[in-house]
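Engineer: need a structure here:
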Amino acid sequence: MIERICPNPFIDHLKISFNSGTKSEVKIKILDFSSRLIVSKNIQLKPEENDFDFDLEDRLPAGIYFIHVIQQEKDEVYKLVKL
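Structural biologist: This next block holds a predicted model:
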């Protein structure tokens with residue numbers, strides 16, 4: 001599903017790259033350390049590489065976060081660090 005999340009750790013900007021073989025929808029949730037929802041976004045993927053930018057400067061203090069990615073029946077969680 002996710003090919004790359006960069007930079008990690010990040011300061012205010014995050015880029016997420018997907019490589020999808022088919023057209024599909026992905027739900028992305030960014031959660032804080034206590035599982036509180038910070039951002040939720042539905043994204044339409046094309047059957048190729050897809051890059052999405054998140055500007056999180058004014059929403060998040062420094063700390064540990066998680067990005068939860070849901071695509072059809074696949075479910076992945078990645079750790080993020082904000083400086």
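Engineer: check contacts around the residue nearest to Glu48 when sequence neighbours are not counted.
Structural biologist: Nearest non-adjacent residue to Glu48, counting by Cβ to Cβ, 6 or more residues apart in numbering: Ser20, 7.2 Å away. In this view, the C-beta of every residue, glycine as well, is placed from N, C-alpha and C. Residues counted as contacts of Ser20 (Cβ atoms under 8 Å, 6 or more residues apart in numbering) are 1, 45-48, 50.
Engineer: Kindly report the same for Asn50.
Structural biologist: Neighbouring residues of Asn50 by Cβ under 8 Å, 6+ apart: 17-20, 43.
Engineer: switch the cut-off to 10 Å
Structural biologist: 3, 16-20, 26, 43-44 (Cβ atoms under 10 Å, 6 or more residues apart in numbering).
Engineer: What score does the residue nearest to Glu48 have for pLDDT?
Structural biologist: For Ser20, the pLDDT comes out at 79.
Engineer: which ones are touching the residue nearest the centre of the chain?
Structural biologist: Central residue of the chain (Cα atoms, centre = their mean): Ile67, 4.9 Å from the mean position. Residues in contact with Ile67 (Cβ under 10 Å, 6+ apart) are 2, 5, 8, 14, 16, 28-31, 38-39, 54, 76-80.
Engineer: Produce a PyMOL select command limited to the buried residues of the residues you listed.
Structural biologist: Applying 16 or more other Cβ atoms under 10 Å to those, the buried members can be selected in PyMOL as follows:
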select buried, resi 5+14+16+28+29+30+31+54+80
